[in-house]
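Enquirer: Starting from these lines, generate the structure:
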Amino acid sequence: MKKLLLIVLITFLPLSSNAESNLDKILSAGVLKVGTTGDWDPMTMKDPATNKYKGFDIDVMNELAKDMGVKVEFVPAEWKTIVSGITSARYDISTSVTKTPKRAEVAGFTDTYYKYGTVPLVLKKNLKKFSTWDSLNSSNVTIATTLGTSQEEKAKEFFPKSKLNSIEAPARDFQEVLAGRADGNITSSTEANKLVIKYPQLAIVPDGEKNPAFLAMMVPKGDDKWNNYINGWIKKKKSSGFFTKLLDKYNLKSL
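Expert: Model prediction:
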């Protein structure tokens, strides 16, 4: 069945595809190299005790490698360098990232398979003070962001009056809020819903989600053969109900 799936997907690839495509290299080497940050609950999380990864995206990549008949190798990445990991060929594909024009300048994107909104997080005790997005847009407010994330870019748009403080991994922006060094941060609704359970002192600002964003895997720009293969795989997995089951497993709801 695995070989049949592989043959069917490759059959529909353009004949003009580059012979040196990542697809050929992966099948020849028998290894799929995946860049991942391991700090985005529930998409990709690294257990420091075992150095193993788990999460929605990890399940996706394990399934992809299984269907390709190859082994998967997860390559540690950081948000500030996750794009350069693709452009420098440190890995063949990344776990999901938000599609942004800046990233698209140098990296390719697969078709999307998940959509989320953006929300601010503040300390629960400060909810009366920061009850709206606009209340966080002030010169006496500090907004924390994680260096290299799409939220870092969006914070400049949402909070032009605020002081923006970019935190470098492995530290995270929400940790600055917990420590009282920042008034708030913005993150995906997916992560926010997990964080407020893990850290009850945090709360989502009850002013609605903004900036609907699309998640996709990053691949080398211009490698149409590899990108088309992944897109064909995503389409088949959507039809089979694979992604629906994963959403249920991680209690996620795509917008």
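
Enquirer: low pLDDT regions in the stretch 151-255 of the chain?
Expert: Scanning the stretch 151-255 of the chain for pLDDT under 70 picks out 254-255.

Enquirer: which residues in it form helices?
Expert: Assigned by DSSP state H, counting those that start in this stretch, the stretch 151-255 of the chain shows helices spanning 173-178, 189-198, 224-240, 242-249.

Enquirer: CA atoms of the third one as PDB?
Expert: Output in PDB follows, covering the C-alpha atoms of helix 224-240 (Å, rounded to 0.1, in the frame of the first residue of the first chain):
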ATOM      1  CA  ASP A 224       8.300  22.000  -7.500                       C
ATOM      2  CA  LYS A 225       8.700  18.200  -7.700                       C
ATOM      3  CA  TRP A 226       9.100  18.000  -3.900                       C
ATOM      4  CA  ASN A 227       6.400  20.600  -3.100                       C
ATOM      5  CA  ASN A 228       3.900  19.000  -5.500                       C
ATOM      6  CA  TYR A 229       4.500  15.600  -4.000                       C
ATOM      7  CA  ILE A 230       3.800  17.000  -0.500                       C
ATOM      8  CA  ASN A 231       0.700  18.800  -1.700                       C
ATOM      9  CA  GLY A 232      -0.600  15.600  -3.300                       C
ATOM     10  CA  TRP A 233       0.000  13.800   0.000                       C
ATOM     11  CA  ILE A 234      -1.800  16.500   2.000                       C
ATOM     12  CA  LYS A 235      -4.800  16.300  -0.400                       C
ATOM     13  CA  LYS A 236      -5.000  12.500   0.000                       C
ATOM     14  CA  LYS A 237      -4.600  12.700   3.800                       C
ATOM     15  CA  LYS A 238      -7.400  15.300   4.000                       C
ATOM     16  CA  SER A 239      -9.700  13.000   1.900                       C
ATOM     17  CA  SER A 240      -8.800  10.000   4.100                       C
END
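
Enquirer: Quick check: which of the helices of the stretch 151-255 of the chain is buried the most?
Expert: Highest mean neighbour count among these (mean count of other C-beta atoms under 10 Å): helix 173-178, with a mean of 21. For glycine as for every other residue, the C-beta is placed from the backbone atoms N, C-alpha and C.

Enquirer: which residues are in contact with that helix?
Expert: The contact list for helix 173-178 (C-beta atoms under 8 Å, 6 or more residues apart in numbering) reads 121-123, 144-146, 151, 165, 167, 182-185, 187, 195, 199, 201-202.
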